[in-house]
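Q: I'll drop the sequence and a predicted model, then ask my questions.
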Amino acid sequence: MPSLIQMVEKELKIPKKRLVEEGIRRYLEVELKNLSIEIKKLSNRYGVDSFEGLWKKLEAGEVTEGECFDDLGRIEYLELEKEKVAKLLQKAT
């Protein structure tokens with residue numbers, strides 16, 4: 001049984017290489033958007049826009065470590081993932 005890529009390639013007469021490259025590019029674009037949305041959602045809880053902003057609030061005593069520890073770690077992880085995806089997307093274009 002032919003794979004979906006093979007079927008699309010045959011039916012739409014689009015080379016497999018182009019399908020794969022465009023599929024990867026589109027995946028990276030969507031992933032970048034999703035990461036940005038998740039970062040924004042978490043950051044908005046604290047009225048900041050980044051890990052650094054939340055860290056500054058923590059240092060200033062505006063929030064406690066107990067209040068934001070999980071979100072702080074999550075935002076840091078998401079920002080690192082976003083950087084990786086952005087770099088890959090840049091190479092894909």
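A: The structure has been received and is ready for your questions. Residues are numbered from 1 along each chain as shown.

Q: please, where are all the helices along the protein?
A: Ranges of helices within the chain are 4-12, 16-44, 51-59, 65-92, based on DSSP state H.

Q: in TSV, list those along with mean pLDDT.
A: Below are the helices of the chain laid out as TSV (pLDDT from 0 to 100):
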stretch	mean pLDDT
helix 4-12	92
helix 16-44	96
helix 51-59	94
helix 65-92	95
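
Q: how many neighbours does Gly66 have?
A: Neighbour count for Gly66, taken as other Cβ atoms under 10 Å: 7. Every C-beta, even on glycine, is put in place using the N, C-alpha and C of the backbone.

Q: against Leu72, how distant is it?
A: From Gly66 across to Leu72, the span is 11 Å (Cβ to Cβ, to the nearest Å).

Q: also Lys84?
A: Noted for Lys84: a distance of 19 Å to Leu72, by Cβ to Cβ.

Q: go on, Leu80?
A: Using Cβ to Cβ, Leu80 is found at 13 Å from Leu72.

Q: okay, these two: which has more neighbours?
A: Leu72 (19 against 12).

Q: so that one touches Leu58, yeah?
A: Yes: look at Leu72 against Leu58 with Cβ atoms under 8 Å: they come within range, at 7.0 Å.
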